[in-house]
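S.K.: Build me a model from this:
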Amino acid sequence: MPDARADVLTLCDALFPGGHDVRTEGLLVWGSGHSANGPVAVIGTRDHAAIGVDLAYALAGRVLQVVREHPGRPILMLVDTQGQQLSRRDELLGNGGYLAHLAKCFEVARLRGHLLLSLVYGEAVSGGFLALGMIADRTYALADAQIRVMALPAMARITQIPIEELQALCRSSAIFGPGVDNYARLGAVEAVWPQGALAEGLTQALSVPAGPDPRAALGRERGGRTLAHDVVQAVLTAA
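M.R.: Purely as a prediction, here's the structure:
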């Protein structure tokens with residue numbers, strides 16, 4: 001079985017040919033790298049981590065440490081999570097609140113001038129992806145990453161729709177389909193970075209300043225979400 005720790009550090013070698021000090025502590029990934037645009041803080045997970053209260057708290061602490069010690073430094077989230085930890089202990093301790101706290105810490109960083117980027121290099125599932133990944137100003141992915149809200153067999157059980165019908169819907173609508181290509185059509189993934197050009201992809205992403213959330217507009221342009229942008233604009237105009 002491949003060493004997931006080696007995989008994420010090899011990824012950082014490709015992202016930061018100028019060097020990095022990224023390390024792992026259990027399922028937590030953190031450190032910094034030297035890009036062509038300057039230093040970048042790195043915070044993330046590895047080995048398909050399930051994010052429970054302990055990991056969410058540790059991630060939040062690293063975010064606040066960057067805000068405190070490196071004002072304005074861009075933050076790159078490295079995403080490999082199977083979603084929230086499904087355990088009695090974590091649910092009783094209020095795991096949803098810990099994930100919300102993590103998202104709020106990223107928002108504090110954004111409000112204090114930190115550009116937030118995320119790169120899905122492994123799995124990105126459900127609530128774990130929302131708090132660590134989708135919270136970014138822009139989300140990127142590797143072509144072989146796995147992104148989904150719910151697996152189709154589970155969706156079939158929940159909705160009572162035969163899996164064959166769901167598979168047919170996936171072929172015509174990106175909203176139902178898992179995978180990087182579908183999330184790119186939805187606008188949730190800004191771009192897919194080729195394995196041989198990760199440093200270049202990061203350099204380009206860092207050169208684009210944060211701005212209004214582009215996902216609804218991208219989804220309309222790419223044909224994945226045809227109505228979201230217009231609905232948002234109608235609501236804003238009415239307000």
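S.K.: ok, and for the strand or helix carrying Glu200, which residues are buried?
M.R.: Element membership of Glu200 [criterion: DSSP states H and E] is helix 198-206. Of all the residues in helix 198-206, those buried under the rule 16 or more other Cβ atoms under 10 Å are 198-199, 201-202, 205-206. Placement of C-beta: from N, CA and C, glycine included.
S.K.: How much space separates the residue most central in space within the chain from Ala124?
M.R.: Closest residue to the average C-alpha location of the chain: Gly133 at 2.0 Å, with Cα atoms, centre = their mean. Counting by Cβ to Cβ, to the nearest Å, the separation of Gly133 from Ala124 is 5 Å.
S.K.: Overlap of the contact sets of these two?
M.R.: 79, 81 (Cβ atoms under 8 Å, 6 or more residues apart in numbering).
S.K.: Show me the two of the buried residues of helix 198-206 that sit farthest apart.
M.R.: Leu198 and Leu206 (12.5 Å; Cβ to Cβ).
S.K.: Correct me if wrong: the residue nearest to the centre of the chain contacts Val120.
M.R.: Yes - using Cβ atoms under 8 Å, Gly133 makes contact with Val120 at a distance of 6.3 Å.
S.K.: Now for these two: what residues contact both?
M.R.: 79, 139.
S.K.: For stretch 117-127, buried residues please.
M.R.: Residues of stretch 117-127 classed as buried: 117-125, 127 (neighbour count, 16+ other Cβ under 10 Å).
S.K.: State the mean pLDDT of that stretch.
M.R.: For stretch 117-127, mean pLDDT rounds to 93.
S.K.: ditto for stretch 100-112
M.R.: Here stretch 100-112 scores 97 as its mean pLDDT.
S.K.: buried stuff in that stretch?
M.R.: Of the residues in stretch 100-112, 101-103, 105-106, 109-110 count as buried by neighbour count, 16+ other Cβ under 10 Å.
S.K.: and what of stretch 167-183?
M.R.: Buried positions in stretch 167-183, judged by neighbour count with 16+ other Cβ under 10 Å: 170, 173-174, 176-183.
S.K.: what's the answer for stretch 129-138, then?
M.R.: Residues 129-138 are the ones in stretch 129-138 that count as buried (16+ other Cβ under 10 Å).
S.K.: mind checking the SS state of Leu11?
M.R.: helix (DSSP: H, G, I helix; E, B strand; the rest coil).
S.K.: Show me where this protein has its helices.
M.R.: For the chain, the helices defined by DSSP state H occupy 4-15, 53-69, 88-92, 95-111, 126-129, 152-159, 163-172, 180-186, 198-206, 215-222, 228-238.
S.K.: Dump the ones you listed to TSV, plus distance to Gly44.
M.R.: Shown next, in TSV, are the helices of the chain (distance: least, Cβ to Cβ, whole Å):
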stretch	distance to Gly44
helix 4-15	8
helix 53-69	8
helix 88-92	19
helix 95-111	12
helix 126-129	11
helix 152-159	25
helix 163-172	28
helix 180-186	17
helix 198-206	14
helix 215-222	21
helix 228-238	28
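S.K.: And those helices: which comes nearest Val42?
M.R.: Val42 lies closest, by Cβ to Cβ, to one member of the helices of the chain: helix 4-15, at 6.9 Å.
S.K.: Return the list of helices and strands in contact with the closest one.
M.R.: Packing partners of helix 4-15 (3 or more Cβ pairs under 8 Å, 6 or more residues apart in numbering; DSSP states H and E): strand 23-25, strand 28-35, strand 75-84, strand 116-125, helix 198-206.
S.K.: what sits up against that helix?
M.R.: 20, 22, 24, 29, 31, 33, 35, 42, 44, 46-48, 76, 78, 80, 119, 121, 195, 198-199, 202.
S.K.: how about 6 Å then?
M.R.: 20, 22, 24, 29, 46-47, 121, 198-199, 202 (Cβ atoms under 6 Å, 6 or more residues apart in numbering).
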